[in-house]
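Asker: Sequence first, then the predicted structure, then my questions.
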Amino acid sequence: MLQVRHSDSRGKANHGWLDSKHSFSFGHYHDPEHVGFGPLLVINEDKVHGGQGFGTHGHRDMEIISYVLSGALEHKDSMGTGSVLHYGDVQRMSAGTGVRHSEYNGDRTQQVHFLQIWIQPNQLGIPPSYEEKNFTPESKQGKLALIASGDGRNGSVLIHQNAEIYASIMAEGDRLTHELKAGRMSYVHLIRGAVTVNGVHLKAGDALKITDEALVTLEQAEDAELLVFDLPK
């Protein structure tokens with residue numbers, strides 16, 4: 001089964017300093033047709049204006065992944081972690097028993113553009129932890145690069161869920177496939193460009209829910225960058 005999530009149908013929030021698009025119900029946006037997909041609960045495409053950001057706030061029992069697209073995202077948390085993330089950086093914060101953090105755009109002239117992803121963990125009450133890694137464009141070009149997984153293999157960040165996230169940059173002529181094992185489903189989120197997934201044409205910001213299929217097939221790309229989630233049902 002294939003279900004398209006069109007970019008222009010996503011929830012929208014414009015707070016002046018923040019322009020956000022919600023793939024799933026979040027905050028004041030609620031859509032009963034899009035309340036998570038398995039353990040994948042949130043994909044927010046956030047653009048934070050220069051000199052602005054999210055003040056210190058708390059989370060618990062959530063795997064929070066940030067995928068930076070442009071600009072510089074400054075992070076500080078109650079674990080004592082402080083860092084500045086740029087394009088290609090993937091940050092994982094396991095909130096566990098509780099963590100407080102802030103995210104800020106320290107550049108007053110350029111937006112910071114990133115995806116904020118929340119995945120429900122399969123373990124509750126764990127100690128909070130933090131991890132970040134950089135994935136170069138070359139590591140994703142024409143292939144599915146594993147950036148997050150439940151076992152941290154192949155240099156991916158470790159998430160506390162039986163889920164995998166792959167990133168890819170595809171050019172014209174590239175064709176990629178990903179096998180879905182029994183009991184698994186996939187969510188493909190197109191960040192930029194265009195691509196055809198299992199025969200469905202997607203534009204930037206679109207996504208495709210894939211259930212009861214054995215294979216994810218990506219082809220007919222036009223300067224595409226995308227994420228492929230492999231999730232338990």
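Answerer: Everything's here; your move. Numbering: from 1, shown residues only.

Asker: could you pull out the helices for this structure?
Answerer: Taking DSSP state H, the helices of the chain run over residues 137-140.

Asker: Can you check which strand is longest in it?
Answerer: strand 215-232 (DSSP state E).

Asker: In its sheet, which strands sit next to that one, and in what direction?
Answerer: strand 164-170 (antiparallel), strand 176-179 (antiparallel), strand 184-197 (antiparallel) (DSSP bridges).

Asker: With respect to F37, which of the ones you listed lies nearest?
Answerer: strand 184-197 (5.2 Å; C-beta to C-beta). Glycine gets a C-beta too; all of them are placed from N, C-alpha and C.

Asker: Would you mind putting the strands paired with strand 215-232 into a markdown table with mean neighbour count and mean pLDDT alongside?
Answerer: A markdown table is the format used below for these (neighbours: other C-beta atoms under 10 Å; pLDDT from 0 to 100):
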| stretch | mean neighbour count | mean pLDDT |
| --- | --- | --- |
| strand 164-170 | 24 | 98 |
| strand 176-179 | 14 | 98 |
| strand 184-197 | 21 | 98 |
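
Asker: mind giving me CSV with those and columns for distance to T211?
Answerer: Formatted as CSV, the strands paired with strand 215-232 follow (distance: least, C-beta to C-beta, whole Å):
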stretch, distance to T211
strand 164-170, 16
strand 176-179, 14
strand 184-197, 4
